[in-house]
Each structure stands twice: as structure tokens, then as C-alpha cells.
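Colleague: Give the three-dimensional model of this entry:
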Amino acid sequence: MHVKWVSTLLVALIVATTSISIAVAADTSPPPADPAAPGQPAATSGEPSKPGDAPPPSVTIIGAKEAHAVLGRDVRSTSGEDMGRIVDIIVDKGGAVRAAVIDFGGFLGVGSRKIVVDWNALHFVNVDKKGDSITLDLTREQVKAAPEYSEDKPIVVLGASGKLQPLPFDPQ
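Modeller: All right, here's what the predicted structure looks like:
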């Protein structure tokens with residue numbers, strides 16, 4: 001049933017994308033009039049392109065069991081201890097995911113603090129359902145001893161042994 005639905009969706013997206021491409025290629029309307037008033041210099045090629053000049057966006061379909069959202073997911077240690085939940089993701093300047101911010105400890109949000117853990121210390125096995133938790137390669141005691149995350153200070157990333165690489169930062 002799901003395969004048929006995904007196939008139908010894929011065909012519809014391909015047809016829609018192809019139709020848009022054909023419509024853009026077949027546009028034979030004359031170019032718009034130059035908006036420059038008489039005596040004013042004409043527009044230069046340094047202006048941004050018009051919305052109609054953009055190519056159609058690419059389309060990627062990811063199977064429902066192939067990728068999962070992580071924000072708000074519960075995190076547990078390898079021994080099943082509650083480690084909190086993921087509340088944010090840290091990326092470097094190149095956009096690569098480096099760490100996750102976990103809201104750790106407390107009860108119903110009271111007394112909790114944010115801890116940053118290395119992305120490679122997290123495991124996403126058996127997280128098919130939204131209620132499934134992510135596993136962290138650290139103990140509750142290790143996370144409890146970590147300094148609290150603050151957006152305006154250098155980030156201290158807690159990692160599993162041998163997996164941590166420093167994040168370059170500007171101390172200003």
C-alpha cells in the first residue's frame with residue numbers, strides 16, 4: 001500500500017517538475033520594458049536575476065523509515081538511564097552537524113540545564129517511532145559533571161572517549 005502511494009507521489013512530482021520546466025522553456029513573451037526613465041542610466045547586469053529566471057528546485061524523497069526528526073526526542077544512556085531530551089543542534093560554519101544540546105536533569109523543566117554532547121556519541125538505532133529514544137555513549141554521572149551550555153560563551157562539547165574534535169571559535 002505504501003509503495004503504491006510513494007510511487008504515485010513520485011510520478012506526480014516528476015510530472016509537475018517537468019511541466020514547470022516546459023512552461024519556463026516555452027515562455028515566448030517579450031522581455032519586460034526597461035523601467036529606467038529617459039535620461040536615466042539603464043539597469044546593469046549586476047542586478048539580481050528575476051524570479052522567473054530561477055531553475056525549478058530539485059526534489060528528493062526520503063522514505064519515512066529512512067530519516068527521523070530529532071528535536072524533542074528522549075535520550076537514554078546505553079544502560080537505559082534517562083539523559084533528557086534534544087532541544088537544539090550545533091552546526092559549524094560549514095553547516096556540518098557537530099553536537100546536540102540536551103536538556104538534562106530536573107523534573108518537569110525545573111532544575112534542568114542544557115549540556116552539549118558530541119554528535120558522534122549519539123546513536124539512532126531503533127528510532128522508527130516518534131516515542132523511541134536516542135542512545136548516548138555517556139553515563140548520567142559524566143553528563144551531570146559537564147558544564148552548562150550558554151549561547152554567549154564558548155561551547156564545551158562532551159564526547160565519548162577518543163571521538164571529540166575541538167570546535168574552532170573566536171574568543172571575542
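
Colleague: what sits against residue 148?
Modeller: Applying Cβ atoms under 8 Å, 6 or more residues apart in numbering, we find residue 148 in contact with 113, 114, 115. Where you see a C-beta, it was placed from the backbone N, CA and C, and this is true even at glycine.

Colleague: close enough to count as contact, the last one and residue 101?
Modeller: Yes - Residue 115 sits in contact with residue 101 when judged by Cβ atoms under 8 Å, with a separation of 7.3 Å.

Colleague: Now list whatever residues contact both of the two.
Modeller: Joint contacts of residue 115 and residue 101 (Cβ under 8 Å, 6+ apart) are residue 149.

Colleague: Looking at these two, which is more packed in?
Modeller: Using other Cβ atoms under 10 Å, the more surrounded residue of residue 115 and residue 101 is residue 115, with 26 against 21.

Colleague: Quick check: which helices or strands does the helix or strand harbouring the more buried one pack against?
Modeller: Here residue 115 is covered by strand 113-118, with elements defined by DSSP states H and E. When contacts are defined as 3 or more Cβ pairs under 8 Å, 6 or more residues apart in numbering; DSSP states H and E, strand 113-118 packs onto strand 82-91, strand 97-104, strand 157-158.

Colleague: any chance of those strands in a markdown table, with distance to residue 126 and mean pLDDT too?
Modeller: As requested, those are exported to a markdown table (distance: least, Cβ to Cβ, whole Å; pLDDT from 0 to 100):
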| stretch | distance to residue 126 | mean pLDDT |
| --- | --- | --- |
| strand 82-91 | 16 | 93 |
| strand 97-104 | 18 | 94 |
| strand 157-158 | 23 | 89 |
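
Colleague: Quick check: which of these is nearest to residue 76?
Modeller: strand 82-91 (5.8 Å; Cβ to Cβ).

Colleague: domain ranges for the chain?
Modeller: 2-53, 74-158 (automatic domain parsing).
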